[in-house]
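> Need a 3D model of the sequence below.
(2 chains)
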Amino acid sequence: MALAETDSMQDAKVEKPQGYWSGVGARVVRDPVSMICLGVVLLLILSAIFAPWLGLPDPYKGSMIARLKPLGTEGHILGTDEQGRDMLARLIYGGRLTLFIGLMPVVLAFFIGSALGIVAGYVGGMTNTIIMRVVDVFFAFPSVLLAIAISGALGAGIVNSLVSLTIVFIPPITRVAEAVTSGVRALDYIDAARATGASAWTVIRVHVIGNVLSPIFVYATSLTSVCMILAAGLSFLGIGVRPPEPEWGLMLNTLRSAIYINPWLSALPGVMIFITSLCLNLLSDGLRSAMNVRD
Amino acid sequence: MLSYFLRRLILVLPVAFGVSVICFLLVQIAPGDPLTAIMPVDATAEEQAAMRAAYGLDKPLPIQYAIWIGNLVQGDMGKSIATGRPVAQEVFGAVQNSLLLAVSAAVIAFPIGIFLGFLAGYFRDTLLDRAVTALSITGVSVPNYWLGIVLVIIFSVNLGWLPSMGAGPGGSQSWAWDWLHMRHLILPAVTLAVVPIGIVARTVRALAGDILTQDFVQALYAKGMSRGDVLRHVARNAAATALSVMGLQLGYLLGGSILIETVFNWPGSGFLLSNAIFQRDLPLLQGTILILALFFVAMNLIVDVAQAAIDPRIKRS
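All right, here's what the predicted structure looks like:
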């Protein structure tokens, strides 16, 4: 009897306890809406990256006689723009700059804002006051206004757009990071770590970052859709990407002159912006509910 | 109440100061010499130096800021480089038009947003809830400058029902509440209303859902209160938060209407701002942004105080 018992105990599978992130991953994978959105976003990103190898016409090469051809034209499945350039090619190539300028600022702001917020929340005192009061000032500007103000002053250009949008998104991320960090800072295990003589940097690196980064990350993902819309909006206003580069916002702007000639063609670049921003929003919502973050 | 208002006001002053510093610095980060716009190309070095001194541009930055802010509090925001008219005059005319647009959008958006959000929150996890949630996600995801173009394509180009641009006969100067003018307001106001509809619906849905599950709602039903009266209690509990979200949205509508004003050539502050950007009219750019940002700050203050007036719990914390 005793022997049989030991045997069955040895047979029992030792399962690795499911980690937090694999749990989140499993829940996201089970959510069809999130998976479709993820697929669409990945498709857009991949087609933008591999655009030169897709056998598309040259997105810069126009034709005086083939201007504003309607959708479904032979050889130009999505028609041609006001300079006779192939729309499909320009929409796919346009994803390169649009997605880069639409997503990069949130990534940059995530790193900078998290660093500022964690320092402010952990160190507290005067450092906290200075960082958070400066953040408050930036909150006095609606995000659209701030982005346009900085881009308008700096002038058009890809780098200028990246700079202005990054500045727009640092304050909200800093505020969230600070709130989360000061919450963690008050917990006992931080005191315990400090009592062992660990330096501030060690405590932040080992005990704080792992516990604050995921809520900050989820918050940052919720900003990507706004950032996309704003980035394309800057180009739409003429203070983002410069012609003749293909970029969805800029294309929407230059095609505005065609709304009386070929209206639905001129709305196409906006459809791309809309689809991307919708998928980013739904994806962020899916992630949020998978991580059980309440809003 | 008064002491609460004063406390908030004191907190607002440093923010307003910071806002003025950022607006001042905007001109400093602009590439190129601010003088090139006003000086003839063949100006000599002495003439340039004289002009620099006349504008105070040879002084250190803090002094320049002090001069600028000193003029500002006297209502002098400098002169527009493009038109030569005082910036204050240009901005206030345009802000009136923007306010008209923003308030119209709010009048459309808030009741719809509250109604949809409440329905979704009350009938949680039903088909209706899902429909409203989908609608509000679509609302916050749509690039509204594109939506404006689509509405123009449908209602101006295809149907020919509504005008696609401007603020009616007589331009920005002669607004009147008649059909001739109001038909110009419809498309931009509806376009601008879409995002706040989504945000307000989302907020109210979450609020209503939360409050309805609280014990006091059960208690009210248990003592035999009618459904309508219970909902009045729920509404009162939700009012403070809903109000603050809507107040902020009104501020965003004013500051965020720039793109929509460009699409519809609406003669508001956003239109002024985009003109200022393209003509490199930095004083005008600075003035417009300052006024819009200060309006937003004031809006925040009003929201805070109104919130405290509705919900006394806020004042105590």
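> Residue 22: neighbour count?
In the absence of a named chain, chain A is used. 11 (other Cβ atoms under 10 Å in any protein chain shown). The way it works is simple: take the backbone N, C-alpha and C, and place the C-beta from them, glycine included.
> that's the wrong chain, I meant chain B
Neighbour count for B:I22, taken as other Cβ under 10 Å: 20.
> Chain neighbours aside, what residue packs nearest to it?
A:V137 (6.6 Å; Cβ to Cβ, 6 or more residues apart in numbering or on different chains).
> residues in contact with stretch B:135-143?
Residues outside stretch B:135-143 that contact it (Cβ atoms under 8 Å, 6 or more residues apart in numbering or on different chains) are A:225, A:229, A:232-233, A:270, A:273-274, A:277-278, A:280-282, A:285, B:116-117, B:194-195, B:197-199, B:201-202, B:205.
> Repeat the analysis, applying 7 Å as the threshold.
Here stretch B:135-143 makes contact (Cβ atoms under 7 Å, 6 or more residues apart in numbering or on different chains) with A:225, A:229, A:232-233, A:270, A:273-274, A:277-278, A:281-282, B:116, B:194-195, B:197-199, B:201-202.
> Now which of those residues would you call buried?
With burial judged by 16 or more other Cβ atoms under 10 Å in any protein chain shown, the buried subset of the contacts of stretch B:135-143 is A:225, A:229, A:232-233, A:270, A:273-274, A:277-278, A:281-282, B:116, B:194-195, B:197-199, B:201-202.
> ok, now how distant is A:L145 from chain B?
Distance, A:L145 to chain B, by Cβ to the nearest Cβ, to the nearest Å: 4 Å.
> And the pLDDT at that residue?
For A:L145, the model assigns a pLDDT of 89.
> How about B:T138?
For B:T138, the model assigns a pLDDT of 91.
> Nearest the geometric middle of chain B, what residue?
Taking Cα atoms, centre = their mean, the centroid of chain B lies closest to B:L254, which sits 2.3 Å from it.
> roughly how far apart are the residue lying closest to A:T181 once chain neighbours are set aside and chain B?
For A:T181, ignoring the flanking residues on the chain, the nearest one in space by Cβ to Cβ, 6+ apart is A:G121 at 2.8 Å. A:G121 sits 20 Å away from chain B, going by Cβ to the nearest Cβ.
> And for A:P246?
From A:P246 over to chain B (counting by Cβ to the nearest Cβ), the distance is 16 Å.
> returning to that earlier point: just checking, the residue nearest to the centre of chain B touches B:L100?
No - using Cβ atoms under 7 Å, B:L254 is not in contact with B:L100; the gap is 10.4 Å.
> What residues does chain B have near chain A?
For chain B, the residues in contact with chain A (Cβ under 7 Å from any Cβ of the partner chain) are B:14-15, B:18-19, B:22, B:26-27, B:29-31, B:137-138, B:140-143, B:145-146, B:149-150, B:152-153, B:157, B:206, B:251-252, B:255-256, B:258-259, B:262, B:273-274, B:277, B:285, B:289, B:292-293, B:296-297.
> try 6 Å this time
Listed as neighbours of chain A in chain B under the rule Cβ under 6 Å from any Cβ of the partner chain: B:15, B:18-19, B:26, B:29-31, B:137, B:141-143, B:145-146, B:150, B:153, B:157, B:252, B:255-256, B:258-259, B:274, B:277, B:285, B:289, B:292-293, B:296-297.
> among those, which ones are buried?
B:15, B:18-19, B:26, B:30, B:137, B:141-143, B:145-146, B:150, B:153, B:252, B:255-256, B:258-259, B:274, B:277, B:285, B:289, B:292-293, B:296-297.
> Okay, helices next: where are they in the stretch 151-295 of chain A?
For the stretch 151-295 of chain A, helices defined by DSSP state H, counting those that start in this stretch occupy the ranges A:158-185, A:188-195, A:200-203, A:209-237, A:248-254, A:263-290.
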